[in-house]
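Trainee: Sequence first, then the predicted structure:
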Amino acid sequence: MDSVLKQRITALIYDEYSKLKPSSKPVIKSNGTKEWTVLASIVAWNSRDDKIRMICMSTGVKALPNELLKRSNGKMLHDCHAEILSIRGLNTVILHHIKNLKEGETSDLINEVDDKYIWKMENQLILYISRVPCGDASMNTIESQDETSETFEIPDDNKTQYLKCENSTILRGRLNFTKKGYVRSKPGRYDSQITFSKSCSDKLCTKQVTSLLNCLTYELLSEPIYLNYLIIPSLNETDSIGLKRCFQDRFQNTSDREQSYQPKLFDIENCEGKFVDDKQSVEETPSAMSSIKLYFDQFNIQEQAILNGVKNGSYSKGSKPLRKGCETAISRYSQWKLYNQINSERDKSYVQFKHHQKSRRVMVEHFRHVLSSEGWVPTLEDDCNI
Ligand SMILES: [Zn+2]
């Protein structure tokens, strides 16, 4: 990608970030400690008219412990890492556009042809992330940093490095970072409640096979869509080695010799500059706040600050039921509701619908086995009804 285009894209994203409400951003705490976060954004670059269109923007570095998901009913976001929120955001925008088309409106992203919905292929998809995604892609970077190397060093026979001790192909967070090419859970403090959510590296790697679509948009679009470019600022050589190994070489080294599902690899692009609220020193703390901003069209833009997986201000403590209307626009519940306005599936729950989708299920399960030969450790199944 040419550097002028990259500059235009990042300038647009940083400008949009500057417009976020203060409540959506990291703060300086009362004790003077500065908070940091990760910024992600998905934009469409129209290769015909050379226009760049914001689709969504998100911030965040938190994931919910498995324990807290029991009362979710599709309303809590398990994984609030910025890049994962952006992919959810893209799917919500697609659902909105299809609903609008069905109601006779127009869309700049999707065509309707004989009751089929087709992504306008001139809209190439670009994901910007302000730093290397957590998990496998960042292991080379972590290994090269002196201050962290002692913290996560662990003997090879120590079972605490595994998410489940009987499964040696899924590692916990950053533990034993010398191991490369492994599925990892989201990093967190070792004494915090465990999350089974997988790292952003593993999720992004999987999207190169299963597409950016979730089970709902996969059903509606006639062809899946893939990411064309991943842009990350200020990459050094070590970062680039880790990224290439995780997102490209991992496919060559897997047990999937037959390559049953051909991956659509995205280009990895470096760009100049730094995100203003990136982590700058070890004294800074990660922000608890996440956010999402959805650009449905020029006139319809929605921004939500997110805390503990729900809308900021809507969280209720552990033992109480969730508050009505606490769910964000990108929650499973909101997406399932939107989907039902397009295709009514009211006789099924979300999970029943998902399990009905045989070919997508087989593809997802197959690729999980490619990444982790000793099986998968799923997060709590979070079902919902409308
Ligand atoms: Zn992450």
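Mentor: Ah, there it is.

Trainee: does the ion sit close to the helix ranked longest in the chain?
Mentor: For the chain, the helix that runs over the most residues, judged by DSSP state H, is helix 82-102. No. Counting by CB under 5 Å from the ion, the ion has no neighbours in helix 82-102; the shortest distance is 6.4 Å. (C-beta placed from N, C-alpha, C; glycine too.)

Trainee: Please point out which parts of that helix sit buried.
Mentor: 82-101 (16 or more other CB atoms under 10 Å).

Trainee: Then stretch 40-54?
Mentor: Buried, per 16+ other CB under 10 Å, within stretch 40-54: 40-45, 53-54.

Trainee: next one: the longest helix of the chain to chain centre, how far?
Mentor: 13 Å (CA atoms, centre = their mean, to the nearest Å).

Trainee: Who are the packing partners of it?
Mentor: strand 39-46, strand 51-59, strand 110-113, strand 123-129, helix 200-210, helix 215-220, strand 290-297, helix 332-342 (3 or more CB pairs under 8 Å, 6 or more residues apart in numbering; DSSP states H and E).

Trainee: Just want the most central residue of the protein.
Mentor: The centre of the chain sits closest to Ile84, judged by CA atoms, centre = their mean, with a distance of 1.2 Å.

Trainee: close enough to count as contact, it and Ser201?
Mentor: No. Between Ile84 and Ser201 there is no contact under CB atoms under 8 Å: 11.2 Å.

Trainee: List the contacts of the residue in the stretch 201-350 of the chain that the ion sits nearest to.
Mentor: Closest approach between the stretch 201-350 of the chain and the ion, counting by CB to the ion: Ser201, at 7.6 Å. Contact analysis of Ser201 by CB atoms under 8 Å, 6 or more residues apart in numbering lists 133-138, 184, 246-247.

Trainee: This protein against the ion: which residues are in contact?
Mentor: So the chain meets the ion at 81, 134, 200 (CB under 5 Å from the ion).

Trainee: Now flag whichever of those residues is closest to Pro155.
Mentor: Closest approach between these and Pro155, by CB to CB: Cys134, at 23.0 Å.

Trainee: pretty sure that closest one is touching His81, no?
Mentor: Yes. Between Cys134 and His81 there is a contact under CB under 8 Å: 6.7 Å.

Trainee: State the number of residues packed around Cys200.
Mentor: 28 (other CB atoms under 10 Å).

Trainee: what secondary structure does the nearest residue to Ser23 once chain neighbours are set aside sit in?
Mentor: Leaving out its chain neighbours, the residue that sits closest to Ser23 by CB to CB, 6 or more residues apart in numbering is Ala305, at 4.9 Å. Here Ala305 is recorded as strand under DSSP: H, G, I helix; E, B strand; the rest coil.

Trainee: for the buried residues of stretch 40-54, which one is nearest Leu64?
Mentor: Once CB to CB is applied, the member of those that ends up nearest Leu64 is Ala40, at 18.1 Å.

Trainee: show me the contacts for that closest one.
Mentor: 57-59, 82-83, 85-86, 127-130.

Trainee: wait, is Glu67 part of a helix?
Mentor: Yes. Under three-state DSSP, Glu67 falls within a helix.

Trainee: neighbours around it, how many?
Mentor: Neighbours of Glu67 using other CB under 10 Å come to 11.

Trainee: wouldn't it be in contact with Gln193 here?
Mentor: Yes. Glu67 lies in contact with Gln193 (CB under 8 Å); the separation is 5.5 Å.
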